[in-house]
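Asks: missing the sequence, but the structure's below:
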């Protein structure tokens, strides 16, 4: 039996409800990070309210799941992000979000152009921003009203896996899900 540490970070199942935003919040420890188990690529905080820091990857894949959804409702999904001043590789990297309901559900994709369009402004160590932003439009997924006895786990993610370019200096503060 191997005692080798995984190169991926598996989420803990903690999430918190934010009554001011009417949203469920997943801190970085509640998300899955491909290459997140290797500190050369990601630093996943153990302390609450601290961002996960991308050191460098060519394959960005951060996923989460949410069980508290109801049939017939629509949910919005967002990430709160920022960039370190020395961030690189994001100006032309096509960032996408995805979501689906259940393992067999149809995956919905959305290009998040605001990451590329605002990279120069965000790179200066500005306050965290939510993506998608107003220029991208909302990212939402609806649960079928007939999903009563079906797998209704909301699975979502943030990706840039297509360019093969190295990316650095990205901070993920949280992900959040809210009923629309």
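Replies: Sure thing, it's come through. Treat the numbers as computed from the prediction; the structure is a model and nothing was measured.

Asks: so which strand or helix has the spatially closest residue to residue 146 that is not a sequence neighbour?
Replies: Of all residues not flanking residue 146 in the chain, residue 71 sits nearest, at 7.1 Å (C-beta to C-beta, 6 or more residues apart in numbering). (Each C-beta comes from the backbone N, C-alpha and C, glycine too.) In the assignment (DSSP states H and E), residue 71 maps to no helix and no strand.

Asks: from what I can see residue 71 touches residue 102, true?
Replies: No: here residue 71 lies out of contact with residue 102, judged by C-beta atoms under 8 Å, at a distance of 11.7 Å.

Asks: if we can go back for a sec, distance of the residue nearest to residue 146 from residue 26?
Replies: From residue 71 across to residue 26, the span is 22 Å (C-beta to C-beta, to the nearest Å).

Asks: ok, now residue 78?
Replies: With C-beta to C-beta as the criterion, residue 78 and residue 26 are 11 Å apart.

Asks: shared neighbours, those two?
Replies: 175, 176 (C-beta atoms under 8 Å, 6 or more residues apart in numbering).

Asks: Need the phi and psi values for residue 117.
Replies: phi -70, psi -30 (degrees, to the nearest 10).

Asks: what residues are up against it?
Replies: Under the criterion of C-beta under 8 Å, 6+ apart, the neighbours of residue 117 are residue 135.

Asks: now residue 132
Replies: 78, 97, 110, 112, 114, 138, 139.

Asks: which ones among the residues you listed are found in strands?
Replies: Using DSSP state E, the members of the contacts of residue 132 that fall in strands are 78, 97, 110.

Asks: quick one: the strands in the protein?
Replies: Counting by DSSP E, the strands of the chain are 16-18, 23-26, 32-33, 42-43, 52-54, 60-66, 74-88, 96-101, 108-111, 129-131, 140-142, 154-160, 168-179.
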